[in-house]
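Colleague: The sequence and its predicted three-dimensional model are supplied below.
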Amino acid sequence: MDTERSPIILWFRRDLRLSDHPALCAAVRTGRPVIPLYILDDLTHALGAAPRWRLGLGLEALAKTLGRAGSRLVLRRGNAQAVLRDLIAVTGATAVYWSRAYDPDTIARDADVKTALKNQGVQARSFAGHLLFEPWAVATKAGQPFRVFTPMWRAVQGREVAAPEVAPSEISAPLHWPITEDLGSWKLGAAMNRGAAVIAHFVRPGEQAAFDALHEFLDRISDYSGFRDRLDLNGTSNLSEYLSLGEISPRNVWHAIQRAAMNGVSGTEAFLRQLVWREFAHHLMYHTPRLLSGNWRSDWDAFPWKKDADRPEVVAWKQARTGIPAVDAGLRQMYVTGRMHNRARMIVASYLTKHLMTHWKIGMDWFADCLIDWDPAANAMGWQWVAGSGPDAAPFFRIFNPQTQQKKFDPNAAYLNQWIAEGQQDPPATAMAYFDAVPQSWALSPDDPYPTPVVDLTAGRARALAAYDSQKRR
């Protein structure tokens, strides 16, 4: 086989774009044919209902984008090693390129794949692209990974970030395309049931939509510092789902915000800080993978969180019928749109882990099933941050009062009215959509009365603080 003309398999994962895609750009620069591939393996099957459905939309959009560049997306399912071995045999490919990810399961799979390919005499190359900085490239003066965010922010905010690479206008195709599976046959949205039709109204998948969202955010970024916590305003970037699936690169976002800063636009540093917070989560996941599965701080292992996910008050939380409007509104927003405002996430998580004394992992797993912008590192760190068990976490005794939070960040109750239908004479379509999105087995109706609180806020706070005080005395 002439390796100078043999195909390169480009294995897509959480990098569903063409612009600033180091692995793709490296493959195109060789001048060799490129075979874009997505593998539906066990790691994809393990995704929750909403992120798996959203992945399907992203793959559909990526296939169209590749088509405009003269290429196509090959879809295969099965064990990654077996799929690659078969495709190499069929196409004569002598190299496989991919973008790195940093969760322990992906790292283990990729290490096995790389070893198998090299033993087969096939070049295996992994590239950066999902983060601004590789986790091993950012460290304290003592050479240790950062465990507190602010020092990390200070360490990287002035560091050079490489310029994004331009998307190739044309991708060289192989003489013969291998057989591809049909995306529809994968049924990635099956677990969503009727909820998919509701959420679909709020989703614009794909790389172009990601850049549109970025440009729209740049028009109002000057308000970001003041509005990002407001539940009733469009103050956030709306980029999380695109960053999660890699439909836009963090470098493209970083440099767009930096250009705005150089033009004198305010609010940019506050957002760049949040982008580095995302980095912080992924770096911690890489260096301490227990972040995903257990208390990052082992001294919290004995804390008396309840671990029964079927307790009535936890079921009420999942159904967004706790009787606490700020909590229920956040969860209902998630069921209708697939996303939840970050301030609402904190309120919802604090209520579950503190007022209901429920283990944070129950909430983390529920979000992993329901969020279209699910990110393993951000989800885990967010829950552990609120619960108090994670790195650089909020202290446990910081217990959000949902009522005061709502008055501060939704002063006219616009957010509540947008998502809670009960009690309104003419509720908006967004509030009514909740009843179409949730499982029919819940048997919920807008004619039902709004529930009374499953726990008194004062009593729940007192119970949480008593548990915390008892834990400290051990």
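Modeller: Arrived safely, thanks for sending.
Colleague: which SS state does Ile35 fall under?
Modeller: When states are read from DSSP: H, G, I helix; E, B strand; the rest coil, the local structure at Ile35 comes out as strand.
Colleague: and Gly67, how far is that from Ala26?
Modeller: The span separating Gly67 from Ala26 equals 21 Å under the rule Cβ to Cβ, to the nearest Å. All C-beta atoms are positioned from the backbone trio N, CA, C, and that covers glycine.
Colleague: Just want to know which of those two has more residues nearby.
Modeller: Taking neighbours as other Cβ atoms under 10 Å, Gly67 and Ala26 compare with Ala26 leading, 16 against 11.
Colleague: how much space between that one and Arg17?
Modeller: Note on Ala26: its distance to Arg17, by Cβ to Cβ, is 15 Å.
Colleague: got the domain boundaries for the chain?
Modeller: The chain is divided into the following domains under automatic domain parsing: 1-129, 298-472.
Colleague: Including mean pLDDT and distance to Val138, could these go into a markdown table?
Modeller: As requested, the domains of the chain are arranged in a markdown table below (pLDDT from 0 to 100; distance: least, Cβ to Cβ, whole Å):
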| stretch | mean pLDDT | distance to Val138 |
| --- | --- | --- |
| domain 1-129 | 96 | 13 |
| domain 298-472 | 96 | 14 |
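Colleague: Could you say which one of those domains comes nearest to Glu247?
Modeller: Of all the domains of the chain, domain 1-129 sits nearest to Glu247, with 5.2 Å by Cβ to Cβ.
Colleague: what are the ranges of the strands in this structure?
Modeller: In chain order, the chain shows strands spanning 8-12, 34-40, 74-77, 95-99, 123-127, with DSSP state E as the criterion.
Colleague: Need the winner for burial among these.
Modeller: Mean neighbour count (mean count of other Cβ atoms under 10 Å) peaks for strand 8-12 among the strands of the chain, with a mean of 26.
Colleague: Leaving out sequence neighbours, find the closest residue to Ala387.
Modeller: The spatially closest residue to Ala387, leaving aside those adjacent along the chain, is Trp360, at 3.9 Å (Cβ to Cβ, 6 or more residues apart in numbering).
Colleague: Count the residues that sit near that neighbour.
Modeller: Neighbourhood size, Trp360 [other Cβ under 10 Å]: 25.
Colleague: how about the strands of the chain, which one is nearest Ser225?
Modeller: With Cβ to Cβ, the closest approach to Ser225 among the strands of the chain belongs to strand 95-99: 32.0 Å.
Colleague: Return the list of strands paired to that closest one, each annotated with direction.
Modeller: Partner strands for strand 95-99, per DSSP bridges, with pairing direction: strand 8-12 (parallel), strand 123-127 (parallel).
Colleague: any chance of these in JSON lines, with distance to Gly78 too?
Modeller: Formatted as JSON lines, these follow (distance: least, Cβ to Cβ, whole Å):
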{"stretch": "strand 8-12", "distance to Gly78": "13"}
{"stretch": "strand 123-127", "distance to Gly78": "18"}
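Colleague: Go through those strands and name the closest to Val314.
Modeller: Going through the strands paired with strand 95-99 one by one, with Cβ to Cβ as the measure, strand 8-12 comes closest at 37.0 Å.
Colleague: and for that closest one, what are the contacting residues?
Modeller: Judged by Cβ atoms under 8 Å, 6 or more residues apart in numbering, the contacts made with strand 8-12 from elsewhere in the structure are 23-24, 27, 30, 32-39, 62, 73, 84, 87-88, 91, 93-99.
Colleague: so what's His341 up against?
Modeller: When contacts are counted by Cβ under 8 Å, 6+ apart, His341 touches 231, 236, 330, 333, 415.
Colleague: of these, closest to Phe397?
Modeller: Closest to Phe397, out of all of those and judged by Cβ to Cβ, is Gly330, at 22.0 Å.
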